[in-house]
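Asker: missing the sequence, but the structure's below:
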């Protein structure tokens, strides 16, 4: 049975979902969270959708076993590949995913051109195609696959020459097309939002969907009577399937301002089961 005192489970292929975690904690400061970074398989973007779906299923089962009252798929690629499956597999569990912010971008654009920065799996997923079909009929979308950008964030290189060169290459087609709105459709990308803003200039709106996702999580928990009643500050646990705990801890400090000792989870049964290590 789902308890309102349970934590909110949040997961991503790596540290990108910390951008969503941060906004959830801001919106819901009394809630506990468990964050899982599947760094053993980062990035998800180039992987087959069935493989991503398998990882997401196992991580969700792990979070449910830890008593989580809701699960946030803080990864656009994972949401595109697995959100529908997870909602069918866990029908009683509030499961919130990332949806490319095409609708607000279409409302914001004045030029009629919107740039989307994402992974191949996000663009290939039905979620993006359905969202674009509903909300971008009268808008030109410039879809840009950002190979290697998530890995740059995972490495901690947020504003170095190599990252800036990548961003300039990815943004050039949408700048050339006259885009006045750029959507960050990967949770890693908000960590490079400042260099993106510097490159595109003040006349271009850069949309980070993380605050809207956090508000949606609050609304869903409220509608289901699952908001925590306690008034203490929430407690937060961070877990990684990667091998380097010290590196993960350093990224937590840098990206989320969290100084804590993270824990480790390990994959078993060829990626079908996740356990505390």
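Answerer: Here it is on my side, so go on. Remember, predicted model here, so these are calculated numbers, not experimental data. Numbers count the residues shown, from 1 in each chain.
Asker: may I have the distance across stretch 185-197, first residue to last?
Answerer: By Cα to Cα, to the nearest Å, the extent of stretch 185-197 from end to end equals 15 Å.
Asker: mind giving me the domain split of this protein?
Answerer: 8-98+211-276, 102-208 (automatic domain parsing).
Asker: turn the ones you listed into CSV, including mean neighbour count, distance to residue 1 and mean pLDDT.
Answerer: Every residue, glycine included, has its C-beta placed from N, CA and C. Shown next, in CSV, are the domains of the chain (neighbours: other Cβ atoms under 10 Å; distance: least, Cβ to Cβ, whole Å; pLDDT from 0 to 100):
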stretch, mean neighbour count, distance to residue 1, mean pLDDT
domain 8-98+211-276, 19, 9, 96
domain 102-208, 19, 30, 95
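Asker: export these to JSON lines and tack on distance to residue 2?
Answerer: What follows is the domains of the chain, written out as JSON lines (distance: least, Cβ to Cβ, whole Å):
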{"stretch": "domain 8-98+211-276", "distance to residue 2": "5"}
{"stretch": "domain 102-208", "distance to residue 2": "25"}
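Asker: could I get the phi/psi values of residue 275?
Answerer: Torsion angles at residue 275 (phi, psi; degrees, to the nearest 10) stand at phi -140, psi 160.
Asker: please enumerate the helices of the stretch 1-150 of the chain.
Answerer: Assigned by DSSP state H, counting those that start in this stretch, the stretch 1-150 of the chain shows helices spanning 18-27, 49-65, 76-89, 102-108, 120-124, 126-135, 149-155.
Asker: for the shortest one, which helices and strands make contact with it?
Answerer: Counting contacts by 3 or more Cβ pairs under 8 Å, 6 or more residues apart in numbering; DSSP states H and E, helix 120-124 packs against helix 49-65, helix 76-89, strand 140-145.
Asker: likewise for the third one?
Answerer: In terms of contacts (3+ Cβ pairs under 8 Å, 6+ apart), helix 76-89 is packed against helix 49-65, strand 70-73, strand 95-97, helix 120-124, helix 126-135.
Asker: cutoff 10 Å now
Answerer: Applying 3 or more Cβ pairs under 10 Å, 6 or more residues apart in numbering; DSSP states H and E, one finds that helix 76-89 contacts strand 8-12, helix 49-65, strand 70-73, strand 95-97, strand 113-118, helix 120-124, helix 126-135.
Asker: can I get the helices and strands packed on helix 120-124 in JSON lines with distance to residue 206?
Answerer: JSON lines is the format used below for the helices and strands packed on helix 120-124 (distance: least, Cβ to Cβ, whole Å):
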{"stretch": "helix 49-65", "distance to residue 206": "26"}
{"stretch": "helix 76-89", "distance to residue 206": "16"}
{"stretch": "strand 140-145", "distance to residue 206": "13"}
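Asker: quick revisit: and residue 235, which of the helices and strands packed on helix 76-89 is closest to it?
Answerer: Proximity of the helices and strands packed on helix 76-89 to residue 235 was assessed by Cβ to Cβ; the nearest stretch is strand 8-12, lying at 11.4 Å.
Asker: from residue 101, how far off is residue 51?
Answerer: 26 Å (Cβ to Cβ, to the nearest Å).
Asker: same check, this time on residue 187
Answerer: Taken as Cβ to Cβ, the span from residue 187 to residue 101 is 12 Å.
Asker: so what's the nearest residue to residue 83 once chain neighbours are set aside bridging to?
Answerer: Excluding its sequence neighbours, the residue lying closest to residue 83 (Cβ to Cβ, 6 or more residues apart in numbering) is residue 97, at 3.9 Å. Judged by DSSP bridges, the bridge partners of residue 97 are residue 73.
Asker: much appreciated, bye for now.
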